[in-house]
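Chemist: No letters, just coordinates:
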């Protein structure tokens, strides 16, 4: 099991959707890393939607949920929708058990 979070950001030329890929652990320690990535994306006028891919996340606690909620609020402040996509089974379970599925996913 990974002991830290890793992040990759992808924004294709001409695309209005930025993809943020998270791997490993998503806990409170991931907050600053994701906020920094979002700050760069949210100041880019090309970005109209942000998708956080969590397919490779192997740990998510309530601190991780807080990270996702803060990220969504940060994006909303700029009028940009932010959603979790391709959620790992663990992330799906955590979202469903906390009632956050509708808030943080587009499905």
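Modeler: Structure received. On a predicted model such as this, the values are computed, not experimentally measured, just so you know.

Chemist: contact partners of the lengthiest strand in the chain?
Modeler: Looking across the chain with DSSP state E, the single longest strand is strand 49-60. Strand 49-60 is contacted from outside by 1-2, 16-27, 34, 38, 41, 64, 68, 71, 75, 80-88, 90-91, 94, using Cβ atoms under 8 Å, 6 or more residues apart in numbering. C-betas here are computed from N, CA, C, even on glycine.

Chemist: Can you name the secondary structure element that comes next after the longest helix belonging to the chain?
Modeler: Longest helix in the chain by number of residues (criterion: DSSP state H): helix 62-77. Later in the chain than helix 62-77, the nearest helix or strand by DSSP states H and E is strand 82-85.

Chemist: Skip ahead from that following strand and say which helix or strand is next.
Modeler: helix 89-98.

Chemist: Grab the most central residue of the protein for me.
Modeler: residue 52 (3.6 Å; Cα atoms, centre = their mean).

Chemist: Beta-bridge partners for that residue, please?
Modeler: In this entry, residue 52 is beta-bridged to residue 20, residue 84, by DSSP bridges.

Chemist: Test for you: state the pLDDT assigned to it.
Modeler: We have a pLDDT of 94 for residue 52.

Chemist: if we can go back for a sec, which of the residues in the longest helix of the chain are buried?
Modeler: Of the residues in helix 62-77, 64-65, 67-68, 71-72, 74-75 count as buried by neighbour count, 16 or more other Cβ atoms under 10 Å.

Chemist: Also stretch 81-89?
Modeler: Buried-residue list, stretch 81-89, by 16+ other Cβ under 10 Å: 82-85, 87-88.

Chemist: chain center to that stretch: distance?
Modeler: Stretch 81-89 has its C-alpha centroid displaced from the chain centroid by 7 Å (Cα atoms, centre = their mean, to the nearest Å).

Chemist: Same check on stretch 96-107?
Modeler: What separates the centre of stretch 96-107 from the centre of its chain is 13 Å, taken as Cα atoms, centre = their mean.
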